[in-house]
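Colleague: Curious how this folds, go ahead:
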Amino acid sequence: MWETLLAPHIPPLPKGCPVDSIRLLHPRDEIMMTMERIYRYRMTTTSGGNLSILDTNGDIWITPARVDKGTLGRDDIVCVRADGSVEGRHKPSSEFPFHKAIYEGRPELRGIVHAHPVALVAFSICKEVPNTRIFHQTRTVCGDVGFAPYALPGSEALGEAIAETFESGVNCVIMENHGVVVGGSDLQDAFQRFETLEFAAKTIIKARQLGAVNYLSDEQIALPRASFKYLPEMEPGRPSTREKDLRRQLRDFVRRGYQHRLMISTEGSFSARLEDDAFLITPYRVDRNTVELGDLVLVREGHREQGRFASRAARNHRAIYKQHPQIGAIVNAYTVNASAFSITDVALSSRTIPESYVFLREIGYCPYGPQFVGGIGNSDSISPTHPSAICQNDGVLVTGGNVLEAFDRLEVLEATAEAVVNTRPLGPISPMPTPVIDELRRAFFGEG
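Modeller: I've put the predicted structure just below:
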């Protein structure tokens, strides 16, 4: 999957990068770890869902039938040999027939995720598929989504219906009144596509509560890829104590962001200023849940440290840092509720409760495009009185004086957005009036 994100002129990452490390895991361990991750984030139930890996010798490793997904161990994983014999202490999943049928119809696929995440189940019981054109990343990662008609779970008919849909070229299939099945070049690829699709479905559902959803055109989707170029390399030198400390802070908050569902494995970037024209930033093509100290990339004077690949947001972050010396950290995130505002024409107001206004001030707005070409540092979207912004079809942009402040502000922004979305069934919002806002400005910012 990740290779499809690269423009033709961009070289592939070298061997040994973190994106390749999971390939060293035994299929038992990879399936166990992936299912634990899916279950932990409530993307399936104790009894629901199954994962599989097609081994290079034709064996299929798959989760077992009727085993608690919350306590799955490596010895629970079943191997169905290429000759049809079964090895393991359990029976293979009852859905094995459709896994086998998909692999036979699409031999380039080597990993499959099937689960019942609530947002995609909602689409499945309405006979709809998510339109992945809400963000360029969701479109690139997931592509078009297919739809397979209902058939009895575990039946050959279900396998045939799903395999036929996959053979049309899609990698994600909504199963009528059932759930979703996603394929990938390996299990990690399939999981990331699955997680991204569920995020897209959640965001669309939230956005529809606000108003009409705006989708990207082919030209808009192509813009980030067409304009992206790797930064030139530099020798980074010996890291200072401050750099080491900043790496630790950034790694910890990126992981926390993932764990709190403020980021997903394929989306979100975080940077922190090291000095005047130098900052650390999350890497390109590395799972946000597994970022390590050495994965973070030092960018100095527009150059990236040798052998590391900075987030595609690096140029935009540099433009913001150069224009705003008070900013010490920047987050691009794709939180479900705040991102719902980014794909509609509905503005998000911070005048809800004192905490929201004090942390967010006035929320800015970034039109689609400048962040990919030249950056938004010189725009009015970000300023001392607009420390965060909704980005049109591109999530949110949040800044702070340091890593903690930026992360705190991101949490408040998402909580504010969720509260506003939740008012839709209750009635119209009663925003804090101007005298209250003036009082907050005087008390907290010494203004007026």
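Colleague: Pretty sure residue 256 sits in a strand.
Modeller: No: assessed by DSSP: H, G, I helix; E, B strand; the rest coil, residue 256 does not belong to a strand; its assignment is helix.
Colleague: Next, count neighbours for it.
Modeller: Neighbours of residue 256 under the rule other Cβ atoms under 10 Å: 13. From N, CA and C alone the C-beta is placed, and that goes for glycine too.
Colleague: Could you measure from the spatially closest residue to it that is not a sequence neighbour over to residue 293?
Modeller: In this structure, residue 256 finds its nearest non-sequential neighbour in residue 407, 7.3 Å apart by Cβ to Cβ, 6 or more residues apart in numbering. Using Cβ to Cβ, to the nearest Å, we find residue 407 at a distance of 18 Å from residue 293.
Colleague: now swap in residue 198 and tell me
Modeller: 29 Å.
Colleague: which one of these two has more residues nearby?
Modeller: Taking other Cβ under 10 Å, residue 198 and residue 293 do not tie; residue 198 has more neighbours (24 against 13).
Colleague: which residues touch the residue lying farthest from the centre of the chain?
Modeller: The outermost residue of the chain relative to its centre, with distances by Cα atoms, centre = their mean, is residue 448 at 41.0 Å. For residue 448, the contact set (Cβ atoms under 8 Å, 6 or more residues apart in numbering) comprises 438, 441-442.
Colleague: Just the buried ones from these?
Modeller: Neighbour counting with 16 or more other Cβ atoms under 10 Å marks residue 441 as buried within those.
Colleague: out of the contacts of residue 448, which one sits closest to residue 302?
Modeller: residue 441 (37.2 Å; Cβ to Cβ).
Colleague: Isn't the closest one up against residue 434?
Modeller: No: contact between residue 441 and residue 434 fails when scored by Cβ atoms under 8 Å: they sit 10.2 Å apart.
Colleague: And stretch 181-190, end to end?
Modeller: 9 Å (Cα to Cα, to the nearest Å).
Colleague: Please work out which residues outside it touch it.
Modeller: Outside stretch 181-190, the residues that reach it (Cβ under 8 Å, 6+ apart) are 1-2, 22-23, 30-31, 34, 51-53, 98, 102, 106, 108-114, 162, 166, 171-173, 175, 191-194, 197, 287.
Colleague: remind me which residues of this structure are low pLDDT?
Modeller: For the chain, applying pLDDT under 70 flags the ranges 1-23, 377-378.
Colleague: Residue 399: what secondary structure?
Modeller: strand.
Colleague: Kindly report the same for residue 113.
Modeller: strand.
Colleague: Check residue 429 too.
Modeller: With three-state DSSP as the criterion, residue 429 reads coil.
Colleague: Nearest residue to it in space, please, no chain neighbours.
Modeller: residue 423 (5.4 Å).
Colleague: How much space separates that neighbour from residue 65?
Modeller: 44 Å.
Colleague: ok, which stretches of this structure are helices?
Modeller: For the chain, the helices defined by DSSP state H occupy 18-21, 27-40, 96-105, 118-124, 136-142, 156-166, 187-210, 218-227, 241-259, 314-323, 336-342, 354-360, 403-422, 434-445.
Colleague: Check whether residue 161 really touches residue 151, as I assumed.
Modeller: Yes: in this structure, residue 161 is within contact of residue 151 by Cβ under 8 Å, at 5.3 Å.
Colleague: the more surrounded of the two?
Modeller: A direct count of neighbours by other Cβ under 10 Å for residue 161 and residue 151 places residue 161 higher, at 21 against 18.
Colleague: What about the closest residue to the more buried one other than its chain neighbours, how many residues nearby?
Modeller: Distances taken as Cβ to Cβ, 6+ apart place residue 148 nearest to residue 161, at 4.6 Å, with adjacent residues excluded. By the criterion of other Cβ under 10 Å, residue 148 has 23 neighbours.
Colleague: Verify the contact between residue 148 and residue 172 for me.
Modeller: No: Residue 148 is beyond contact range of residue 172, at 10.9 Å (criterion: Cβ under 8 Å).
Colleague: check contacts around the residue nearest to residue 256.
Modeller: By Cβ under 8 Å, 6+ apart, residue 407 lies in contact with 253, 256-257, 329, 331, 400.
Colleague: Count the residues that sit near residue 260.
Modeller: Counted with other Cβ under 10 Å, residues neighbouring residue 260 total 13.
Colleague: what residues are up against it?
Modeller: residue 411.
Colleague: do you know how far residue 280 is from residue 303?
Modeller: Distance, residue 280 to residue 303, using Cβ to Cβ: 13 Å.
Colleague: Between those two, which has more neighbouring residues?
Modeller: In this view residue 280 and residue 303 are compared by other Cβ under 10 Å, and residue 280 has more residues nearby, 25 against 16.
Colleague: Show me what the more buried one is bridged to.
Modeller: Listed by DSSP bridges, the beta-bridge partners for residue 280 are residue 272, residue 298.
Colleague: correct me, but it touches residue 294?
Modeller: No: counting by Cβ under 8 Å, residue 294 is not a contact partner of residue 280; they are 11.4 Å apart.
Colleague: just to revisit the earlier point, how about the contacts of residue 407 in a markdown table, adding distance to residue 392?
Modeller: Formatted as a markdown table, the contacts of residue 407 follow (distance: Cβ to Cβ, whole Å):
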| residue | distance to residue 392 |
| --- | --- |
| 253 | 26 |
| 256 | 27 |
| 257 | 22 |
| 329 | 23 |
| 331 | 17 |
| 400 | 22 |
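Colleague: Of those, which is the most crowded?
Modeller: Of the contacts of residue 407, with other Cβ under 10 Å as the count, residue 331 tops at 31 neighbours.
Colleague: tell me the contacts of it?
Modeller: Counted by Cβ under 8 Å, 6+ apart, residue 331 has contacts 257, 268-271, 396-399, 406-407, 410.
Colleague: which residue sits closest to it, ignoring its sequence neighbours?
Modeller: In space, and not counting its chain neighbours, residue 331 is closest to residue 398: 4.6 Å by Cβ to Cβ, 6+ apart.
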